[in-house]
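[1] sequence below, structure please.
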Amino acid sequence: MEKRIPGNIEEARRLTNIAITTGQMLVKNGAEIYRAEDTIERMVLSREIVQEVDVFALSSAIFVSAEYRGESITMLKDIKSYGVNLAKIDALNAFSRHFVAGDIPLDEAHNELLAISQMPARKPLVSMFFTGLCSASFAVMFGGTWYDFAYTFFIGAMLNGCLRLTGEHNLSFFAEVFIGTLVVSILALFGSYFFPRLHMDMLIIGSIMPLVPGMVITNSFRDIISGDYVSGLIGITKGIFVALTIALGVGVILNIQKMFMLGG
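    Residues are numbered from 1 along each chain as shown. So this is what the prediction gives:
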């Protein structure tokens, strides 16, 4: 299908806004920075009259500048929070490919993006089940028993519920991870105290794995390899702070346990 040239500056602005919104949604749902930048550039250039596009994306904001018949179009989109939703990333990738190919008219693009943003989230029980299964599997993989598997499954499910509650209050990632780690450590402490067959270290190790920023650090290295050094370093810095927060949360509970043991 042929590319359709925007008829005026307003239509060019709409095109740029659709592209930057797509990039914003990609980053908010866990996509790499270079993927968002490439998607925005391809979408804007899919209409031939827009000759030059500059895109600069970070994990906290995206800047786009385009030129239409000698007039400059500059837009900024803020990214206040982001997580991981691979289903939305897949839907956005499919949307951008069809848009660039000309299969989606500009007038319908906004509705398509709105439909993707309103995709139903996973049901709480399903999410809790798989988070618990993930935690329990790691507990066994690191040397835990099947008793540890069962109790870590429970802790992982409670962790998911805790993260959902904190997510509703728009807390910072530091507070969210710290509270989640405290919940995990307290439940592991009580479990090992009341059930001697359980191993506290295996319970904690398995339960904190959903909090470990493996994907964040992996995406950051991919950004650095792609030349997005600032975005990559920001992601690595966040990953380090998340790891330190996990260590802090576990350390607080272990120190409390040690003080009670010494006091007893």
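[2] what about the strands in the stretch 51-200 of the chain?
    Remark: strands assigned in the stretch 51-200 of the chain by DSSP state E, counting those that start in this stretch are 61-68, 71-78.
[3] got the buried residues for stretch 123-135?
    127-129, 131-132, 134-135 (16 or more other CB atoms under 10 Å). Every residue, glycine included, has its C-beta placed from N, CA and C.
[4] for those, which one is nearest residue 167?
    Distance ranking of those against residue 167, using CB to CB, places residue 127 first at 11.4 Å.
[5] roughly how far does the closest residue to the closest one other than its chain neighbours sit from residue 129?
    Excluding its sequence neighbours, the residue lying closest to residue 127 (CB to CB, 6 or more residues apart in numbering) is residue 160, at 5.6 Å. Per CB to CB, to the nearest Å, residue 160 is found 9 Å from residue 129.
[6] also residue 174?
    Applying CB to CB, the value for residue 174 to residue 129 is 27 Å.
[7] tell me, how many residues neighbour the residue nearest to residue 127?
    Around residue 160 there are 23 other residues, counting by other CB atoms under 10 Å.
[8] go ahead and confirm it touches residue 126.
    No - applying CB atoms under 8 Å, one finds residue 160 not in contact with residue 126, separated by 10.0 Å.
[9] what's the longest helix in the protein?
    When the chain is parsed with DSSP state H, its longest helix is helix 229-263.
[10] average model confidence for that one?
    Average pLDDT, helix 229-263: 86.
[11] next, count neighbours for residue 67.
    With neighbours defined by other CB under 10 Å, the count for residue 67 comes to 15.
[12] which non-adjacent residue is nearest it?
    Once flanking residues are discounted, residue 67 sits nearest to residue 52: 4.4 Å by CB to CB, 6+ apart.
[13] ok, residue 19 next?
    Spatially, and ignoring its direct neighbours in sequence, residue 19 is nearest to residue 43 (3.8 Å; CB to CB, 6+ apart).
[14] how far away is the one you found from residue 53?
    To residue 53, residue 43 is 9 Å away according to CB to CB.
[15] check residue 67 too.
    Distance, residue 67 to residue 53, using CB to CB: 8 Å.
[16] again, but for residue 246
    Residue 246 sits 40 Å away from residue 53, going by CB to CB.
[17] center of the chain, which residue is that?
    Geometric centre of the chain, nearest residue: residue 83, 2.3 Å, by CA atoms, centre = their mean.
[18] list the buried ones in stretch 253-264?
    Buried positions in stretch 253-264, judged by neighbour count with 16+ other CB under 10 Å: 253-254, 257.
[19] could you pull out the helices in the stretch 101-250 of the chain for me?
    Using DSSP state H, counting those that start in this stretch, the helices found in the stretch 101-250 of the chain span residues 106-117, 124-141, 146-167, 173-194, 200-208, 214-225, 229-263.
[20] ranking the ones you listed by burial, who's on top?
    Highest mean neighbour count of these: helix 200-208, a mean of 24 (counted as mean count of other CB atoms under 10 Å).
[21] now tell me what touches that helix from outside.
    With CB atoms under 8 Å, 6 or more residues apart in numbering as the test, helix 200-208 has contacts from 135-145, 148, 151-152, 155-156, 159, 181, 184-185, 187-189, 191-192, 246, 250.
[22] could you export it as PDB, CA atoms only?
    What follows is helix 200-208 as a C-alpha-only set of coordinates in PDB (Å, rounded to 0.1, in the frame of the first residue of the first chain):
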ATOM      1  CA  MET A 200      14.400 -20.000  56.100                       C
ATOM      2  CA  ASP A 201      17.200 -19.300  53.600                       C
ATOM      3  CA  MET A 202      15.500 -21.300  50.800                       C
ATOM      4  CA  LEU A 203      12.200 -19.600  51.500                       C
ATOM      5  CA  ILE A 204      13.700 -16.100  51.200                       C
ATOM      6  CA  ILE A 205      15.900 -16.900  48.200                       C
ATOM      7  CA  GLY A 206      13.000 -18.400  46.300                       C
ATOM      8  CA  SER A 207      10.500 -15.700  47.200                       C
ATOM      9  CA  ILE A 208      12.600 -12.700  46.400                       C
END
